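J.: Dropping a prediction and its sequence here:
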Amino acid sequence: MTGTRHSTRAAAIAGLIALIAIGGCSRTDPDGLAFLERAGDYESEAVVSAVGDRDEMRVDAMIIARDGQLLYREGQIAAKINTHSVRKSLIAILYGIAVERGLISLDQTLEEIGFDDTGSPLTEIERQATIRDLMTARSGIYIEASGQNWDRPERYSAQPGEEFFYNNWGFNALGEILEQQTGQPLGALIDEWLGTPLDLQHFSPADVDYDSVEGSSMRQYVIYMSADDLMRIGLLVANGGEFQGERIVSQDWITEMTAMHSSAETDPPEMFNNGFFDGYGYLWWGKQQAGSMLIAADGWGGQILVIDPQRDIVIVSRRNTGTHLLAQGWFLWRGSESNRPEVYAVLDRLPAPPVTAAID
């Protein structure tokens, strides 16, 4: 649900070249996910059948891992594509690291950290919203926001913490607050706190861009990332904050981040992406499916990272929406904005892992 990239810069051109080449600058793993052993049924006939027709779903890249092994990997897996609202779930992990380093407290109010919107100054009541309120989309601050193309409630219609609303002003503010409290731009933070320890293959600090609208000083941060690198993020969350035996963020944070702090049982179901999801944590969605609470990062146009903790499955599915308004118009002209139901159906079609005979 994020907005579009309006600025032009050398990095955008470089990113487009990388997209065409289906490549990017590699760190140490030329195969992108070579550290993952291929499952016994990697891209087997049954797995390919479960995935279905990627062209029909308009999936430009898809990667599936199960039990820490690679099950499927096809398409533009190295292309840097706009993550759209997946960006929010990415910075939720950064917040966990910042909290653990003592740089941020979720219970601080905007007033306490001296934070305001210089385009539309906050009222005394709005300044009492906490960072936690922003993380759970319950700030009650309804101001024009870059990237928000859906209706918002009337300003002053809710108190901080009172109701759930998927609110780009709050999400954009979280990016500004993280930069303010750490003293670093988001691109540098992602590169240092996630890029290096996760050995992200294609991400660079220049892959974070910004957009803004009149009437608000909150810039929308736009993150470009490859499917391969998003799979590494997914594995980090699926493994409770560890990656290849290294602790990146605490298990406690992953648990708190992915717990449902709002749900369709306590808030209007239509607020949860028109009822598709069942709850919302700290910038991560939750969905009940096949007896499991799925954990999901979800972005406009079909940017999907979904984790099934019960079956230990991680799916990354990407659709290339382009890097500017004209490209996104062409994307929409070709068909529906989302292929969400089709991608989630893949989870239930995947065959059971092959049985390995015990060795006496």
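T.: Structure received. Numbering: from 1, shown residues only.
J.: hey, where'd the strands end up in the stretch 101-250 of the chain?
T.: Along the stretch 101-250 of the chain, the segments classed as strands by DSSP state E, counting those that start in this stretch run 208-211, 220-225, 242-243, 246-247.
J.: What helices and strands are in contact with the third one?
T.: In this case it means strand 242-243. helix 227-238 (3 or more C-beta pairs under 8 Å, 6 or more residues apart in numbering; DSSP states H and E). C-beta here means a position set from N, CA and C on the backbone, and glycine is covered the same way.
J.: helices or strands next to the helix it packs on in the packing?
T.: Against helix 227-238 (3+ C-beta pairs under 8 Å, 6+ apart) you get strand 61-66, helix 86-100, strand 242-243, strand 303-308, strand 313-318.
J.: rerun that using 10 Å as the cut-off
T.: Applying 3 or more C-beta pairs under 10 Å, 6 or more residues apart in numbering; DSSP states H and E, we find helix 227-238 packed against strand 61-66, strand 69-75, helix 86-100, strand 242-243, helix 251-258, strand 292-299, strand 303-308, strand 313-318.
J.: Turn those into a markdown table, including distance to Asn172.
T.: As requested, these are exported to a markdown table (distance: least, C-beta to C-beta, whole Å):
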| stretch | distance to Asn172 |
| --- | --- |
| strand 61-66 | 27 |
| strand 69-75 | 30 |
| helix 86-100 | 10 |
| strand 242-243 | 28 |
| helix 251-258 | 19 |
| strand 292-299 | 15 |
| strand 303-308 | 17 |
| strand 313-318 | 23 |
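J.: looking at the ones you listed, which is closest to Ser44?
T.: strand 69-75 (8.8 Å; C-beta to C-beta).
J.: how far out from the middle of the chain is the very next helix or strand once past that closest one?
T.: For strand 69-75, the succeeding helix or strand toward the C-terminus, using DSSP states H and E, is strand 81-82. A distance of 11 Å separates the centroid of the chain from that of strand 81-82, by C-alpha atoms, centre = their mean, to the nearest Å.
J.: Please identify the most buried of the helices and strands packed on helix 227-238.
T.: With neighbours taken as mean count of other C-beta atoms under 10 Å, the helices and strands packed on helix 227-238 reach their highest mean count in strand 313-318, at a mean of 26.
J.: what pairs with that strand, and is each one parallel or antiparallel?
T.: strand 61-66 (antiparallel), strand 303-308 (antiparallel) (DSSP bridges).
J.: That one versus strand 292-299: what angle between them?
T.: Between strand 313-318 and strand 292-299, the angle comes out at 20 degrees (axes from the mean of the first three to the mean of the last three C-alpha atoms, to 10 degrees).
J.: can you put the strands paired with strand 313-318 in CSV and add distance to Arg87 and mean pLDDT?
T.: Below are the strands paired with strand 313-318 laid out as CSV (distance: least, C-beta to C-beta, whole Å; pLDDT from 0 to 100):
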stretch, distance to Arg87, mean pLDDT
strand 61-66, 17, 98
strand 303-308, 9, 98
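J.: Please convert these to a markdown table, extending it with distance to Glu270.
T.: A markdown table is the format used below for the strands paired with strand 313-318 (distance: least, C-beta to C-beta, whole Å):
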| stretch | distance to Glu270 |
| --- | --- |
| strand 61-66 | 29 |
| strand 303-308 | 21 |
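J.: Minimum distance to Gly52: which of the ones you listed has it?
T.: Smallest distance to Gly52 across the strands paired with strand 313-318 (C-beta to C-beta): 10.0 Å, for strand 61-66.
J.: re earlier: is it possible to export the strands of the stretch 101-250 of the chain to CSV including distance to Gln288?
T.: Shown next, in CSV, are the strands of the stretch 101-250 of the chain (distance: least, C-beta to C-beta, whole Å):
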stretch, distance to Gln288
strand 208-211, 33
strand 220-225, 28
strand 242-243, 26
strand 246-247, 29
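J.: Which one of those strands lies nearest to Leu70?
T.: Comparing those by C-beta to C-beta, strand 242-243 comes nearest, at 15.3 Å.
J.: With respect to Glu163, which of the strands of the stretch 101-250 of the chain lies nearest?
T.: Here strand 220-225 is closest among the strands of the stretch 101-250 of the chain (C-beta to C-beta), at 22.6 Å.
J.: Please spell out which residues along that closest one are buried.
T.: Buried residues in strand 220-225, counting neighbours by 16 or more other C-beta atoms under 10 Å, are found at 220-225.
J.: that older thread, nearest approach to Ile93 belongs to which of the strands of the stretch 101-250 of the chain?
T.: strand 242-243 (11.1 Å).
J.: got the contact list for the residue nearest to Ala259 when sequence neighbours are not counted?
T.: Leaving aside its chain neighbours, Ala259 sits nearest to Gly281 (5.4 Å; criterion: C-beta to C-beta, 6 or more residues apart in numbering). When contacts are counted by C-beta atoms under 10 Å, 6 or more residues apart in numbering, Gly281 touches 89, 92, 135-137, 255-262, 295-296.
J.: Likewise for Arg318?
T.: By C-beta under 10 Å, 6+ apart, Arg318 lies in contact with 59-63, 75-77, 79, 81-83, 86, 225-227, 230, 299, 301-305.
J.: hmm, try it at 6 Å
T.: The neighbours of Arg318, taking C-beta atoms under 6 Å, 6 or more residues apart in numbering as the test, are 60-61, 81, 227.
J.: same question, Gly302
T.: 319, 338-339.
J.: what's near enough to touch the nearest residue to it once chain neighbours are set aside?
T.: Among residues not flanking Gly302 along the chain, Arg319 sits closest, at 3.6 Å (C-beta to C-beta, 6+ apart). Taking C-beta under 6 Å, 6+ apart as the criterion, Arg319 is in contact with 58, 60, 301-302.
J.: go again using 10 Å as the cut-off
T.: 57-61, 75-76, 81-82, 84, 299-304, 331, 334-335, 337-339, 343.
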